[in-house]
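Trainee: My questions concern the predicted model and sequence given below.
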Amino acid sequence: MGKMKECSYWPLSSRTVKEMKAREYCNGSALNHDHRYHQKKQINDAQLSKQDESTSSILGSLGKGLRNVDLIDGRLAKVDDNSVVYDVRIRHEMQEFKRSAQNVIASRLPMQNSWALNDSVQHSLLSEPSERDSITFDSLKVVSEYLRLSVQQRRLVRKAISRQVIQYDNWRKALEELVRQLDTDLKAIDKPSEVLQVGKEATARCTQLFRKSLHLSETPSWVKLTSDKKVHVPTAKWGDILELFEVISDALRGVETLKFYVTKINGMKEGLCHIKDVQLDNNISLQQMHDRQSFVKHKLSQNLGYTSNCLFTLLIFYLFQSIGTIKVDMAGELYGGRDDNPYICMGEIITSADKKMLWRAIKHLDKALSLVKFIYETADMRKSLKLEGHVWTVATQENMLEYRGNSFFIHGIESK
């Protein structure tokens, strides 16, 4: 744990403000409108103070009831065991908490103050409303717009990413992980409705197809004697998974707490449509496996475009062995531009400074930052990119932690 950098995120001291006001009074050009200006400013300050107190009260009450819950990538879960929380009321309270926290943080970021990012760059971090908005990285297009990549760089990125992540093994494992997570979360529901039961059964059927395709025979066909009698066994195809995904999507479409899965399933359907006639089973010869891998790679590389959610999910699984869309509470931006030393910072808001929740937020920010850096380097950007994260939480001391070579600053969000 290192010493935290001196930063000017928070308002000027009352003494400094008084000194600035005194200088304004001495300025002859301001005498004519001085009284009206300060009278209006006092009213605005009083309104902001009341608003800040009200927001702080909301944060305090909501934070107590949400201490063990976190909303990561659209999935509301308990921090202790990562189990999904299906209570819509709690989800709405978490969203309100984060909105209120953003308002308080915004009031603590004076537009006139700058923070030195490095020796050559100065910028007011997170000073613009767009930088304090949340951002969801769900396609290469979003990441490229964030990095302000040129058209040529975007073409380079798509080509390089497709070559790396569109591999049959990566494709299959990503889909299996999506089905596994959904199956686990659906089984955790004590009394599923009729609609949820339909989705649950279709998900279980997907799991069965994946398992059967791996264990149809103890002896693979490519090592069997040619004299063996041929027995016709119906083989599953990727089209069967596509049909089940259609059922799951239709069944869960109206369930707010499962929108994350519906979005992911609809995204993966894009890829499934192009290989629906391809055999799912692995009980085939080596040559057939090679032909299948080549065909799937060709079809997906040809059809999954720059805005494809399916291609992006394959990238996330390739990098992190997870299928979650990456969403952060405060987007930040690429600071420094092309001519200076480029710099990225993002922010996350959590309900408590509990050690487990804090590290969960830091690891989540690190994942988002690592994703952006991966695309940045794939685009063949010449400058070294510096990464930094900020975590805001209720009732905590200012601190700084190092994780995987990057700095993460911890801030409190109490009222002034």
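Mentor: Sure, I can see it. Just so you know, these numbers come straight off a predicted model, no measurement behind them.
Trainee: just so I have it, where are all the strands in the chain?
Mentor: 69-72, 75-78, 115-116, 122-123, 135-137, 326-328, 330-335, 343-349, 386-393, 399-403, 406-412 (DSSP state E).
Trainee: between those, which gets nearest to Glu177?
Mentor: Proximity to Glu177 (CB to CB) singles out strand 75-78 among the strands of the chain, at 13.8 Å. All C-beta spots, glycine's among them, are computed from the backbone N, C-alpha and C.
Trainee: contact partners of that closest one?
Mentor: Asn68, Val69, Asp70, Ser83, Val84, Val85, Ile90, Arg91, Met94, Thr257, Phe260, Gly324 (CB atoms under 8 Å, 6 or more residues apart in numbering).
Trainee: my read: Thr235 touches Asp281, true?
Mentor: Yes - Thr235 is within contact range of Asp281, at 4.8 Å (criterion: CB atoms under 8 Å).
Trainee: Any idea what the closest residue to Ala101 other than its chain neighbours is bridged to?
Mentor: Nearest residue to Ala101, sequence neighbours excluded (CB to CB, 6 or more residues apart in numbering): Ile349, at 4.7 Å. Beta-bridge partners recorded for Ile349 (DSSP bridges): Trp392.
Trainee: count of neighbours near Ile349?
Mentor: When neighbours are counted by other CB atoms under 10 Å, Ile349 registers 28.
Trainee: Quick check: it touching Glu96?
Mentor: No - contact between Ile349 and Glu96 fails when scored by CB under 8 Å: they sit 11.8 Å apart.
Trainee: would you list the strands of the chain in CSV and tack on mean pLDDT and distance to Arg211?
Mentor: Output for the strands of the chain, formatted as CSV (pLDDT from 0 to 100; distance: least, CB to CB, whole Å):
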stretch, mean pLDDT, distance to Arg211
strand 69-72, 82, 29
strand 75-78, 83, 25
strand 115-116, 40, 54
strand 122-123, 48, 53
strand 135-137, 94, 32
strand 326-328, 93, 29
strand 330-335, 90, 41
strand 343-349, 91, 37
strand 386-393, 92, 40
strand 399-403, 93, 37
strand 406-412, 91, 40
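Trainee: wait, which of those strands is closest to Ser150?
Mentor: strand 330-335 (13.4 Å).
Trainee: Pull the distance from stretch 380-391 to the chain's centre.
Mentor: Relative to its chain's centre, stretch 380-391 lies at 17 Å (CA atoms, centre = their mean, to the nearest Å).
Trainee: ok, and what's touching that stretch?
Mentor: 117-118, 126, 147, 153, 156, 330, 338, 341-350, 358, 361-362, 365-366, 369-370, 372-373, 376-377, 406-411.
Trainee: at 7 Å what do you get?
Mentor: 118, 156, 341-348, 350, 358, 361-362, 365-366, 369, 373, 376, 406-411 (CB atoms under 7 Å, 6 or more residues apart in numbering).
Trainee: I'd like to know how far the residue nearest the centre of the chain sits from Val179.
Mentor: When CA atoms, centre = their mean is applied to the chain, the residue found nearest the centroid is Ile326 (1.6 Å). Computed as CB to CB, to the nearest Å, the Ile326 to Val179 distance reads 20 Å.
Trainee: next one: Ser150
Mentor: For Ser150, the distance to Val179 equals 38 Å [CB to CB].
Trainee: For these two, indicate the residue with more neighbours.
Mentor: Val179 (26 against 11).
Trainee: For that one, which non-adjacent residue is spatially closest?
Mentor: In this structure, Val179 finds its nearest non-sequential neighbour in Cys206, 4.7 Å apart by CB to CB, 6+ apart.
Trainee: Contact partners for that neighbour?
Mentor: Val179, Ile241, Leu244.
Trainee: quick one, what contacts the first one?
Mentor: When contacts are counted by CB under 7 Å, 6+ apart, Val179 is found next to Thr203, Cys206, Thr207, Phe210.
Trainee: any idea which of those has the most stuff around it?
Mentor: Neighbour counts for these (other CB under 10 Å) peak at Thr203, which has 28 neighbours.
Trainee: who's more crowded, Thr235 and Asp281?
Mentor: Between Thr235 and Asp281, Asp281 has the larger neighbour count (other CB under 10 Å), namely 20 against 14.
Trainee: isn't that one right up against Trp238?
Mentor: No - the criterion here is CB atoms under 7 Å, and Asp281 misses it with Trp238 at 10.6 Å.
Trainee: Helices - which of the contacts of Cys206 land there?
Mentor: Secondary structure assignment by DSSP state H places Val179, Ile241, Leu244 of those in helices.
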